[in-house]
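J.: predicted coordinates and the sequence they were generated for:
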Amino acid sequence: MAKKATIRDVAKEAEVSVATVSRVLNGQSGFSAETQQRVWHAIKALGYERTETEHGKKEKQVPRALGLIVPQVNEYFCGSLVRSVEDAARKRGYIVILCNAGADAVYGDTYVRLLKLQQIAGIIACSIPPNSPLIQTIWEASIPCVLIDSVSYEYPLPYVKIDDFQGMYAATKFLLDRRHRRIAILSGKLKDPVAGFPRMEGYRQALREEGIASDPKLEAFAGNFSYESGQKAFEELVSRNAEFTGLVVCSDVVAAAAINAAAKCGIRVPQDLSVVGFDDSQVASLLTPPLTSVAQPYEQMGETAVHILVRVIEQGVQVESRVFPVQVVERETTRRLKEDEREEFASHH
């Protein structure tokens, strides 16, 4: 008596995962028409028939899960991203397990081990430094993974991010177009190859195109993008007695710190200082005055990351990474200088 074909036999014949075969049989989405055709062809060729046990499992089937690893869930920029990832995952029949890896992803390895034990379908890792050991841990765990706001130079992991160079270039150009010539920057660490060095280069390139040499006195660093680091960086700028009427900043949280630190120094925004943030997070609209900011398309990024990851999980295909453009959203922390206006702090500053 010939052995009955199993769902695993169908998956092998169709060159897809067991999960994909199950989704086709259950009338779910998340696969191409070509994949569906291959699965049904394999079912017919092998004479596969679902058992009563398998039919019974359909109603009791637990949704598959994706792990979402973020550096710190209390950071404002994560809110929009988490929501977009969860919404996109639900549409495809997955739930999301949120993992707070902490600053510098110190708890990331622990979460990866736990997710592997739970037989997680895939991982989305957000804002993980390219040189972080966490990326190696994920790769060695053989769990499908997509990076958001990061890249890996050692492992071929697909990623979804913005053009960071273009983002800070656009922020600086925005102020240059409003007649500012003395523009300072609060940057991430230059050794950060994603949100540090490229953004600083974008700032410097915009200045160069206007014939303005970059001035080290106008460059300060808010290394970990925190409120505290933003305060210290702005205070350092002011302590140098450097004149500037514009300020571009590496994150909205750092921009909020800079605006509050400026107020303590008697510097008014935007009357004395125009400020452009980065992220266009919830912070931007909550500030007084509301913050002009470089917008990251979080909804598109989250949706795209899930789409890529599900294709890798269910079809086993290699998917190209995506780099999104950015735009400056103008609010009330910036103004155009008048032609005869001197570009310096008022004498009492």
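T.: Received the coordinates, thanks.

J.: okay, the residue nearest to Pro144 when sequence neighbours are not counted: pLDDT?
T.: Once flanking residues are discounted, Pro144 sits nearest to Gly122: 4.0 Å by C-beta to C-beta, 6 or more residues apart in numbering. Bear in mind the C-beta positions are built from the backbone N, C-alpha and C, glycine included. If you check Gly122, the pLDDT there is 95.

J.: Gly122 contacts Val146, doesn't it?
T.: Yes. Using C-beta atoms under 8 Å, Gly122 is in contact with Val146, at 7.5 Å.

J.: of these two, who's got more company?
T.: Val146 (27 against 22; other C-beta atoms under 10 Å).

J.: how about the strands in the stretch 101-250 of the chain?
T.: Assigned by DSSP state E, counting those that start in this stretch, the strands in the stretch 101-250 of the chain fall at 122-126, 145-148, 159-162, 183-187, 219-221, 246-249.

J.: so which of these comes closest to Glu235?
T.: Of all those, it is strand 219-221 that lies closest to Glu235, at 8.9 Å by C-beta to C-beta.

J.: average pLDDT for the top helix by length along the chain?
T.: Ranked by number of residues, the top helix in the chain under DSSP state H is helix 298-315. Helix 298-315 shows a mean pLDDT of 93.

J.: same check on stretch 229-239?
T.: Stretch 229-239 carries an average pLDDT of 96.

J.: and stretch 319-339, what's buried?
T.: 322, 324, 326, 328-329, 331, 333-335, 337 (16 or more other C-beta atoms under 10 Å).

J.: ignore what I typed, I meant stretch 131-149.
T.: The neighbour-count check on stretch 131-149 (16+ other C-beta under 10 Å) flags 132, 134-135, 137-139, 143-149 as buried.

J.: quick one: end-to-end distance for it.
T.: Length of stretch 131-149, first residue to last, C-alpha to C-alpha, to the nearest Å: 14 Å.

J.: now swap in stretch 167-184 and tell me
T.: 16 Å.

J.: and for the longest helix of the chain, what's in contact with it?
T.: Helix 298-315 is contacted from outside by 16-17, 19-20, 23, 30-32, 35, 66, 77, 80-85, 87-89, 92, 94, 121-124, 144-146, 148-149, 158, 160-162, 317-319, 322, 324, using C-beta atoms under 8 Å, 6 or more residues apart in numbering.

J.: what's the neighbour count on Glu303?
T.: There are 18 residues near Glu303, going by other C-beta under 10 Å.

J.: can you show me the helices along the stretch 51-200 of the chain?
T.: All helices of the stretch 51-200 of the chain, identified by DSSP state H, counting those that start in this stretch, fall at 52-60, 76-91, 108-117, 133-140, 164-176, 197-209.

J.: can I get those in JSON lines with mean pLDDT?
T.: As requested, the helices of the stretch 51-200 of the chain are exported to JSON lines (pLDDT from 0 to 100):
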{"stretch": "helix 52-60", "mean pLDDT": "47"}
{"stretch": "helix 76-91", "mean pLDDT": "84"}
{"stretch": "helix 108-117", "mean pLDDT": "87"}
{"stretch": "helix 133-140", "mean pLDDT": "91"}
{"stretch": "helix 164-176", "mean pLDDT": "98"}
{"stretch": "helix 197-209", "mean pLDDT": "97"}
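
J.: just those: most buried one?
T.: helix 164-176 (a mean of 24; mean count of other C-beta atoms under 10 Å).

J.: tilt between it and strand 183-187?
T.: Using axes from the mean of the first three to the mean of the last three C-alpha atoms, to 10 degrees, the inter-axis angle of helix 164-176 relative to strand 183-187 is 150 degrees.

J.: tell me what helix 164-176 is packed against?
T.: In terms of contacts (3 or more C-beta pairs under 8 Å, 6 or more residues apart in numbering; DSSP states H and E), helix 164-176 is packed against strand 183-187, helix 197-209, strand 246-249, strand 274-279, strand 292-295, strand 327-329.

J.: got the contact list for the nearest residue to Glu13 once chain neighbours are set aside?
T.: Spatial nearest neighbour of Glu13, chain neighbours left out: Ala42 (3.8 Å); criterion: C-beta to C-beta, 6+ apart. Residues near Ala42 by C-beta under 8 Å, 6+ apart: 10, 13-14, 48.

J.: look up phi and psi at Ala42.
T.: Dihedral angles of Ala42 (phi, psi; degrees, to the nearest 10) stand at phi -70, psi -40.

J.: could you check the pLDDT of it?
T.: 84.

J.: ok, the one 5 residues further on next?
T.: The predicted local distance difference test score for Gly47 is 81.

J.: look up the closest residue to the residue nearest the centre of the chain, ignoring the ones flanking it.
T.: The structure's the chain has its C-alpha centroid closest to Asp149; by C-alpha atoms, centre = their mean the separation is 3.5 Å. Excluding the flanking residues, the one nearest Asp149 by C-beta to C-beta, 6+ apart is Ser127, at 4.6 Å.

J.: top of the contacts of Ala42 by neighbour count?
T.: For those, neighbours tallied by other C-beta under 10 Å; top is Val10, 26 neighbours.

J.: so what does the helix or strand in which that one is found touch, helix or strand wise?
T.: Assigned by DSSP states H and E, Val10 belongs to helix 7-14. If you count contacts as 3+ C-beta pairs under 8 Å, 6+ apart, helix 7-14 packs onto helix 18-25, helix 33-46.
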